[in-house]
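In: Fold the following, please.
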Amino acid sequence: MSRSRTSLRGLPPALLIPLLAALACGGGAPRPRELVDIYRPESERVRAGASSVIFVPGVMGSVLRHADDEQVVWGAVWDRDESDEELLRDLALPYDPQGPLASIEDELVPGGQLLLVELDIRIAAVRARGYPGVFEGIVQALGDAGAHDRRPRAISKEDLEEGRNPIIGFGYDWRHDLSAEARRLHEVVLAASRAREEATGTRRVDLVGHSMGSQLVRYYLRYGPTPLPEEGPLPPVTWEGARLVRRAILLGPPNRGEAQAVQVLAEGVSVNPMLPHYPAAMTASFVSGYQLLPRPGEGRVVYEDGEDVDFFDVALWERYGWGPFHPEQDENLQLLMPDAETREERVALVRRHMARYLAHGRRFQEALDRPAAPP
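Out: From the prediction side, this is the model:
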(Lines give C-alpha, C1' and ligand atoms only; values in the text may rest on other atoms or scores of the structure.)
Protein backbone atom coordinates (compact mmCIF):
# COMPACT_ATOMS: atom_id res chain seq x y z
CA MET A 1 0.00 0.00 0.00
CA SER A 2 1.59 3.22 -1.10
CA ARG A 3 1.37 6.40 0.92
CA SER A 4 0.26 9.59 -0.72
CA ARG A 5 2.71 12.49 -0.51
CA THR A 6 1.81 16.14 -0.42
CA SER A 7 4.08 18.60 -2.20
CA LEU A 8 4.41 22.22 -1.12
CA ARG A 9 6.10 23.12 -4.37
CA GLY A 10 4.17 25.65 -6.38
CA LEU A 11 2.17 27.14 -3.55
CA PRO A 12 2.10 30.92 -3.59
CA PRO A 13 4.10 32.58 -0.79
CA ALA A 14 0.94 34.14 0.64
CA LEU A 15 -0.38 30.64 1.40
CA LEU A 16 2.93 28.95 2.07
CA ILE A 17 3.99 31.10 5.06
CA PRO A 18 0.72 30.65 7.09
CA LEU A 19 0.72 26.93 6.23
CA LEU A 20 4.26 26.45 7.50
CA ALA A 21 3.37 28.38 10.65
CA ALA A 22 0.39 26.08 11.25
CA LEU A 23 2.45 22.92 10.70
CA ALA A 24 5.03 24.19 13.16
CA CYS A 25 2.37 24.34 15.87
CA GLY A 26 2.03 20.51 15.82
CA GLY A 27 -1.66 20.23 14.98
CA GLY A 28 -4.77 21.63 16.54
CA ALA A 29 -5.87 25.19 16.13
CA PRO A 30 -2.88 27.27 14.94
CA ARG A 31 -1.79 30.04 17.24
CA PRO A 32 -1.94 33.44 15.62
CA ARG A 33 1.48 34.96 14.98
CA GLU A 34 2.39 38.52 14.28
CA LEU A 35 3.82 39.14 10.82
CA VAL A 36 6.79 40.87 12.40
CA ASP A 37 7.60 37.63 14.25
CA ILE A 38 7.34 35.59 11.07
CA TYR A 39 9.63 37.85 9.11
CA ARG A 40 12.03 38.81 11.92
CA PRO A 41 14.68 36.12 11.18
CA GLU A 42 14.83 37.05 7.51
CA SER A 43 14.77 40.75 8.32
CA GLU A 44 17.67 40.35 10.74
CA ARG A 45 19.63 38.35 8.18
CA VAL A 46 19.13 41.00 5.51
CA ARG A 47 19.99 43.88 7.84
CA ALA A 48 23.11 42.09 9.05
CA GLY A 49 24.34 41.88 5.46
CA ALA A 50 23.29 45.39 4.47
CA SER A 51 25.80 48.10 3.68
CA SER A 52 26.10 51.70 4.77
CA VAL A 53 25.58 53.93 1.75
CA ILE A 54 27.70 57.04 1.20
CA PHE A 55 26.29 59.38 -1.45
CA VAL A 56 28.85 61.61 -3.21
CA PRO A 57 27.04 64.48 -5.00
CA GLY A 58 28.10 66.30 -8.13
CA VAL A 59 29.48 69.77 -8.69
CA MET A 60 27.92 72.45 -6.46
CA GLY A 61 26.17 69.66 -4.54
CA SER A 62 27.79 70.41 -1.17
CA VAL A 63 27.42 73.35 1.20
CA LEU A 64 30.42 75.66 1.59
CA ARG A 65 30.84 77.71 4.78
CA HIS A 66 33.24 80.24 6.23
CA ALA A 67 35.67 78.41 8.48
CA ASP A 68 35.59 81.08 11.20
CA ASP A 69 31.90 81.88 11.67
CA GLU A 70 30.16 78.96 9.86
CA GLN A 71 28.29 81.41 7.61
CA VAL A 72 26.95 79.66 4.50
CA VAL A 73 28.56 80.97 1.29
CA TRP A 74 27.28 78.36 -1.15
CA GLY A 75 23.81 77.16 -0.16
CA ALA A 76 22.28 80.48 0.84
CA VAL A 77 21.90 83.62 -1.28
CA TRP A 78 21.04 86.97 0.29
CA ASP A 79 19.77 89.98 -1.60
CA ARG A 80 22.46 92.68 -1.87
CA ASP A 81 22.30 96.29 -2.94
CA GLU A 82 25.97 96.25 -3.85
CA SER A 83 27.61 94.12 -6.54
CA ASP A 84 28.58 90.48 -6.16
CA GLU A 85 32.22 91.31 -5.44
CA GLU A 86 32.06 89.70 -2.01
CA LEU A 87 30.69 86.47 -3.45
CA LEU A 88 33.38 86.48 -6.15
CA ARG A 89 36.14 86.84 -3.58
CA ASP A 90 34.62 84.21 -1.32
CA LEU A 91 34.14 81.46 -3.88
CA ALA A 92 37.17 81.95 -6.13
CA LEU A 93 40.31 80.01 -5.27
CA PRO A 94 43.69 81.80 -5.30
CA TYR A 95 45.15 82.32 -8.76
CA ASP A 96 48.53 80.67 -9.31
CA PRO A 97 49.02 79.22 -5.81
CA GLN A 98 52.61 78.58 -4.79
CA GLY A 99 52.08 75.25 -3.01
CA PRO A 100 50.83 71.90 -4.34
CA LEU A 101 47.34 71.94 -5.85
CA ALA A 102 46.35 69.16 -3.48
CA SER A 103 46.86 71.45 -0.49
CA ILE A 104 45.30 74.73 -1.59
CA GLU A 105 43.67 76.44 1.37
CA ASP A 106 41.20 79.28 1.57
CA GLU A 107 38.59 80.50 4.04
CA LEU A 108 35.83 78.05 3.08
CA VAL A 109 35.18 74.54 4.36
CA PRO A 110 32.60 72.05 3.09
CA GLY A 111 29.46 71.30 5.03
CA GLY A 112 26.98 68.58 4.27
CA GLN A 113 25.21 67.69 1.05
CA LEU A 114 23.26 70.62 -0.35
CA LEU A 115 19.58 69.77 0.01
CA LEU A 116 17.93 73.17 0.14
CA VAL A 117 19.05 76.61 -1.01
CA GLU A 118 17.84 79.53 1.09
CA LEU A 119 17.03 82.59 -1.02
CA ASP A 120 16.40 85.79 0.92
CA ILE A 121 15.33 88.31 -1.71
CA ARG A 122 13.40 91.54 -1.56
CA ILE A 123 10.10 89.94 -2.51
CA ALA A 124 10.18 87.04 -0.05
CA ALA A 125 12.28 84.36 1.60
CA VAL A 126 12.36 81.19 -0.49
CA ARG A 127 13.64 77.70 0.23
CA ALA A 128 14.39 75.95 -3.07
CA ARG A 129 15.47 72.39 -3.65
CA GLY A 130 19.22 72.53 -3.95
CA TYR A 131 20.48 69.22 -5.29
CA PRO A 132 18.60 68.10 -8.42
CA GLY A 133 20.43 64.78 -8.76
CA VAL A 134 18.75 61.63 -10.00
CA PHE A 135 19.11 59.75 -6.72
CA GLU A 136 15.79 61.13 -5.53
CA GLY A 137 14.92 58.45 -2.97
CA ILE A 138 18.04 58.88 -0.88
CA VAL A 139 18.12 62.64 -1.35
CA GLN A 140 14.54 62.88 -0.06
CA ALA A 141 15.35 60.68 2.94
CA LEU A 142 18.38 62.81 3.69
CA GLY A 143 16.32 65.97 3.39
CA ASP A 144 13.78 65.08 6.07
CA ALA A 145 15.83 66.79 8.76
CA GLY A 146 16.11 70.19 7.06
CA ALA A 147 18.30 72.36 4.92
CA HIS A 148 21.85 71.80 6.15
CA ASP A 149 21.49 68.87 8.54
CA ARG A 150 24.61 66.72 8.31
CA ARG A 151 23.19 63.82 10.30
CA PRO A 152 22.70 60.65 8.25
CA ARG A 153 19.18 59.25 8.03
CA ALA A 154 18.08 55.64 8.44
CA ILE A 155 16.57 53.69 5.56
CA SER A 156 14.33 51.40 7.62
CA LYS A 157 12.24 51.54 10.77
CA GLU A 158 14.41 48.88 12.36
CA ASP A 159 17.60 50.78 11.63
CA LEU A 160 16.10 53.94 13.08
CA GLU A 161 14.92 52.21 16.26
CA GLU A 162 18.26 50.51 16.79
CA GLY A 163 20.34 53.60 16.10
CA ARG A 164 21.87 52.49 12.80
CA ASN A 165 22.44 55.18 10.19
CA PRO A 166 23.28 53.48 6.89
CA ILE A 167 22.88 56.51 4.57
CA ILE A 168 25.45 59.29 4.67
CA GLY A 169 25.44 62.39 2.45
CA PHE A 170 29.11 63.22 1.85
CA GLY A 171 30.00 66.88 1.55
CA TYR A 172 33.23 67.95 -0.13
CA ASP A 173 34.75 71.07 -1.63
CA TRP A 174 33.83 70.70 -5.29
CA ARG A 175 36.19 73.54 -6.27
CA HIS A 176 39.34 71.68 -5.24
CA ASP A 177 41.44 68.93 -6.74
CA LEU A 178 39.28 65.81 -6.66
CA SER A 179 42.25 63.66 -5.72
CA ALA A 180 42.75 65.83 -2.62
CA GLU A 181 39.10 65.44 -1.63
CA ALA A 182 39.65 61.66 -1.68
CA ARG A 183 41.34 62.07 1.70
CA ARG A 184 38.14 63.49 3.16
CA LEU A 185 36.10 60.69 1.59
CA HIS A 186 38.49 58.12 3.06
CA GLU A 187 37.85 59.44 6.57
CA VAL A 188 34.09 59.16 6.07
CA VAL A 189 34.40 55.64 4.66
CA LEU A 190 36.49 54.52 7.63
CA ALA A 191 34.07 56.04 10.13
CA ALA A 192 31.04 54.50 8.40
CA SER A 193 32.76 51.13 8.21
CA ARG A 194 33.61 51.14 11.92
CA ALA A 195 30.10 52.24 12.89
CA ARG A 196 28.55 49.56 10.70
CA GLU A 197 30.77 46.90 12.21
CA GLU A 198 29.79 47.90 15.74
CA ALA A 199 26.10 47.80 14.84
CA THR A 200 25.95 44.66 12.68
CA GLY A 201 29.29 42.89 12.84
CA THR A 202 30.05 43.68 9.18
CA ARG A 203 32.12 46.49 7.67
CA ARG A 204 30.22 46.83 4.40
CA VAL A 205 30.14 50.27 2.78
CA ASP A 206 28.64 51.17 -0.61
CA LEU A 207 29.51 54.32 -2.56
CA VAL A 208 27.08 56.11 -4.88
CA GLY A 209 28.59 58.92 -6.94
CA HIS A 210 26.75 61.33 -9.21
CA SER A 211 28.39 63.29 -12.04
CA MET A 212 31.59 64.92 -10.72
CA GLY A 213 31.19 62.85 -7.55
CA SER A 214 31.53 59.68 -9.61
CA GLN A 215 35.01 60.75 -10.73
CA LEU A 216 35.98 61.34 -7.12
CA VAL A 217 34.70 57.83 -6.33
CA ARG A 218 36.67 56.33 -9.22
CA TYR A 219 39.90 57.97 -8.07
CA TYR A 220 39.31 56.92 -4.46
CA LEU A 221 38.70 53.29 -5.40
CA ARG A 222 42.03 53.15 -7.25
CA TYR A 223 44.31 55.25 -5.06
CA GLY A 224 42.59 55.59 -1.70
CA PRO A 225 43.49 58.83 0.11
CA THR A 226 46.73 59.36 -1.85
CA PRO A 227 46.58 62.72 -3.69
CA LEU A 228 47.79 63.03 -7.26
CA PRO A 229 51.28 64.57 -7.50
CA GLU A 230 51.82 67.24 -10.13
CA GLU A 231 55.14 65.83 -11.33
CA GLY A 232 56.91 62.52 -11.62
CA PRO A 233 55.35 59.10 -12.18
CA LEU A 234 51.71 58.48 -11.43
CA PRO A 235 51.09 56.83 -8.05
CA PRO A 236 50.69 53.04 -8.09
CA VAL A 237 47.16 51.68 -8.36
CA THR A 238 46.74 50.08 -4.93
CA TRP A 239 42.92 49.76 -4.93
CA GLU A 240 43.08 50.86 -1.30
CA GLY A 241 39.65 52.45 -1.49
CA ALA A 242 38.11 49.45 -3.26
CA ARG A 243 39.17 47.17 -0.41
CA LEU A 244 36.88 49.09 1.93
CA VAL A 245 33.92 49.28 -0.47
CA ARG A 246 31.50 46.50 -1.29
CA ARG A 247 29.80 48.14 -4.27
CA ALA A 248 30.20 51.39 -6.20
CA ILE A 249 27.36 52.84 -8.27
CA LEU A 250 28.07 55.69 -10.70
CA LEU A 251 25.17 57.87 -11.87
CA GLY A 252 25.75 59.92 -15.02
CA PRO A 253 29.54 59.63 -14.79
CA PRO A 254 31.54 61.84 -17.22
CA ASN A 255 34.07 59.05 -17.72
CA ARG A 256 35.23 60.45 -21.08
CA GLY A 257 34.99 64.07 -20.03
CA GLU A 258 32.13 66.55 -20.14
CA ALA A 259 31.70 69.12 -22.91
CA GLN A 260 29.73 71.38 -20.57
CA ALA A 261 32.89 71.80 -18.50
CA VAL A 262 34.32 73.79 -21.42
CA GLN A 263 31.37 76.16 -21.34
CA VAL A 264 31.58 76.63 -17.57
CA LEU A 265 35.30 77.43 -17.70
CA ALA A 266 34.95 79.62 -20.79
CA GLU A 267 31.77 81.55 -19.98
CA GLY A 268 31.06 81.05 -16.28
CA VAL A 269 27.79 79.55 -15.10
CA SER A 270 24.24 80.63 -14.36
CA VAL A 271 22.65 77.99 -12.15
CA ASN A 272 19.25 79.64 -11.86
CA PRO A 273 17.72 82.99 -12.92
CA MET A 274 17.22 83.83 -9.22
CA LEU A 275 20.90 83.28 -8.45
CA PRO A 276 23.88 85.46 -9.43
CA HIS A 277 25.90 84.74 -12.55
CA TYR A 278 29.23 83.19 -11.61
CA PRO A 279 31.81 84.64 -14.05
CA ALA A 280 34.56 82.77 -15.84
CA ALA A 281 37.19 84.50 -13.70
CA MET A 282 35.71 82.59 -10.77
CA THR A 283 35.03 79.20 -12.37
CA ALA A 284 38.48 79.14 -14.02
CA SER A 285 40.02 79.23 -10.53
CA PHE A 286 38.49 75.85 -9.64
CA VAL A 287 40.93 72.95 -9.98
CA SER A 288 38.16 70.36 -10.43
CA GLY A 289 36.73 71.93 -13.59
CA TYR A 290 39.87 71.09 -15.57
CA GLN A 291 39.61 67.46 -14.47
CA LEU A 292 36.27 67.12 -16.28
CA LEU A 293 37.30 68.42 -19.71
CA PRO A 294 36.69 66.18 -22.76
CA ARG A 295 39.47 63.69 -23.47
CA PRO A 296 41.69 64.71 -26.40
CA GLY A 297 42.30 62.36 -29.31
CA GLU A 298 38.79 60.89 -29.37
CA GLY A 299 37.15 63.25 -31.84
CA ARG A 300 34.30 64.09 -29.49
CA VAL A 301 34.86 67.84 -30.03
CA VAL A 302 36.35 68.86 -33.38
CA TYR A 303 36.97 71.89 -35.54
CA GLU A 304 34.95 72.39 -38.71
CA ASP A 305 37.55 70.50 -40.71
CA GLY A 306 37.25 67.51 -38.35
CA GLU A 307 40.53 68.08 -36.50
CA ASP A 308 40.40 67.06 -32.86
CA VAL A 309 40.36 69.84 -30.23
CA ASP A 310 42.80 69.53 -27.34
CA PHE A 311 41.31 71.57 -24.52
CA PHE A 312 44.36 70.93 -22.35
CA ASP A 313 46.43 73.30 -24.50
CA VAL A 314 46.57 76.72 -22.82
CA ALA A 315 47.36 78.38 -26.16
CA LEU A 316 43.88 77.38 -27.37
CA TRP A 317 42.19 79.29 -24.55
CA GLU A 318 44.35 82.35 -25.03
CA ARG A 319 43.94 82.35 -28.82
CA TYR A 320 40.14 82.37 -28.64
CA GLY A 321 39.94 84.63 -25.58
CA TRP A 322 38.07 82.04 -23.53
CA GLY A 323 37.49 82.21 -19.81
CA PRO A 324 39.68 84.65 -17.86
CA PHE A 325 41.52 85.60 -21.07
CA HIS A 326 38.43 87.48 -22.29
CA PRO A 327 38.83 91.26 -21.94
CA GLU A 328 35.45 91.54 -20.21
CA GLN A 329 36.81 89.43 -17.35
CA ASP A 330 39.60 91.87 -16.56
CA GLU A 331 37.48 93.78 -14.04
CA ASN A 332 36.89 90.55 -12.12
CA LEU A 333 40.56 89.64 -12.38
CA GLN A 334 41.50 92.95 -10.78
CA LEU A 335 39.48 91.94 -7.72
CA LEU A 336 41.14 88.52 -7.59
CA MET A 337 44.67 89.74 -8.38
CA PRO A 338 45.09 92.96 -6.38
CA ASP A 339 48.88 92.83 -6.67
CA ALA A 340 48.86 92.72 -10.50
CA GLU A 341 48.81 96.36 -11.56
CA THR A 342 48.46 96.05 -15.35
CA ARG A 343 46.45 94.01 -17.82
CA GLU A 344 49.65 92.43 -19.13
CA GLU A 345 50.59 91.23 -15.64
CA ARG A 346 47.15 89.74 -15.12
CA VAL A 347 47.17 87.92 -18.46
CA ALA A 348 50.62 86.50 -17.71
CA LEU A 349 49.35 85.28 -14.35
CA VAL A 350 46.26 83.73 -15.98
CA ARG A 351 48.45 81.99 -18.57
CA ARG A 352 50.67 80.47 -15.88
CA HIS A 353 47.66 79.52 -13.76
CA MET A 354 45.73 77.80 -16.54
CA ALA A 355 48.77 75.98 -17.94
CA ARG A 356 49.35 74.42 -14.54
CA TYR A 357 45.70 73.51 -13.96
CA LEU A 358 45.26 72.09 -17.46
CA ALA A 359 48.34 69.91 -17.06
CA HIS A 360 47.02 68.60 -13.75
CA GLY A 361 43.60 67.94 -15.28
CA ARG A 362 45.17 65.89 -18.08
CA ARG A 363 47.23 63.99 -15.49
CA PHE A 364 44.12 63.25 -13.40
CA GLN A 365 42.41 61.70 -16.41
CA GLU A 366 45.50 59.62 -17.17
CA ALA A 367 45.37 58.32 -13.60
CA LEU A 368 41.76 57.22 -14.10
CA ASP A 369 42.30 55.75 -17.56
CA ARG A 370 45.39 53.59 -16.97
CA PRO A 371 44.55 49.87 -17.26
CA ALA A 372 44.34 48.07 -13.90
CA ALA A 373 42.34 45.05 -12.78
CA PRO A 374 40.38 45.62 -9.56
CA PRO A 375 40.75 43.18 -6.66
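
In: Mean pLDDT per helix and strand in the chain: which one sits at the bottom?
Out: helix 136-142 (a mean of 43; mean pLDDT, DSSP states H and E).

In: ranges for the helices of the protein?
Out: 13-24, 35-48, 85-91, 136-142, 157-161, 178-200, 212-223, 259-267, 280-283, 287-290, 314-320, 330-336, 343-369 (DSSP state H).

In: buried sites along the last one?
Out: So that's helix 343-369. 346-347, 349-351, 353-358, 360-365, 367-368 (16 or more other Cβ atoms under 10 Å). Placement of C-beta: from N, CA and C, glycine included.

In: quick one on the thing from earlier: could you tell me the least trusted of the helices of the chain?
Out: Lowest mean pLDDT of the helices of the chain: helix 136-142, a mean of 43.

In: quick one, what contacts Q329?
Out: P279, A280, A281, G323 (Cβ atoms under 8 Å, 6 or more residues apart in numbering).

In: looking at those residues, which has the most residues close by?
Out: Neighbour counts for the contacts of Q329, by other Cβ atoms under 10 Å, peak at A281, which reaches 26 neighbours.

In: right, and A266 touches A281 too?
Out: No. The criterion here is Cβ atoms under 8 Å, and A266 misses it with A281 at 11.5 Å.

In: quick one: common contacting residues for these two?
Out: G323.

In: ok, back up a step: which single one of the contacts of Q329 is nearest to Q334?
Out: A281 (9.4 Å; Cβ to Cβ).

In: what residues are up against the closest one?
Out: A281 touches L88, A92, G268, G323, P324, Q329, N332, L333, L336, counting by Cβ under 8 Å, 6+ apart.

In: ok, now R222?
Out: V237, T238, W239, G241, A242, A367, L368, A372.

In: hang on, the earlier thing: mind putting the contacts of A281 into CSV with distance to A182?
Out: Shown next, in CSV, are those (distance: Cβ to Cβ, whole Å):
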residue, distance to A182
L88, 28
A92, 23
G268, 27
G323, 26
P324, 27
Q329, 31
N332, 30
L333, 31
L336, 27
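
In: quick one, strands of the stretch 51-200 of the chain?
Out: 52-56, 62-66, 72-74, 76-78, 108-113, 116-120, 125-129, 167-169 (DSSP state E, counting those that start in this stretch).

In: Lowest average confidence across those strands, which one?
Out: Among the strands of the stretch 51-200 of the chain, strand 125-129 scores lowest, at a mean of 46.

In: roughly how far apart are E34 and I54?
Out: 34 Å (Cβ to Cβ, to the nearest Å).

In: More neighbours: which of those two?
Out: A direct count of neighbours by other Cβ under 10 Å for E34 and I54 places I54 higher, at 25 against 8.

In: ok, the more buried one touching E187?
Out: No. I54 is beyond contact range of E187, at 11.1 Å (criterion: Cβ under 8 Å).

In: Now do the shared contacts for those two.
Out: In contact with both I54 and E187: no residue, using Cβ under 8 Å, 6+ apart.

In: Go ahead and confirm Y219 touches A180.
Out: No. Y219 lies out of contact with A180 (Cβ under 8 Å); the separation is 9.9 Å.
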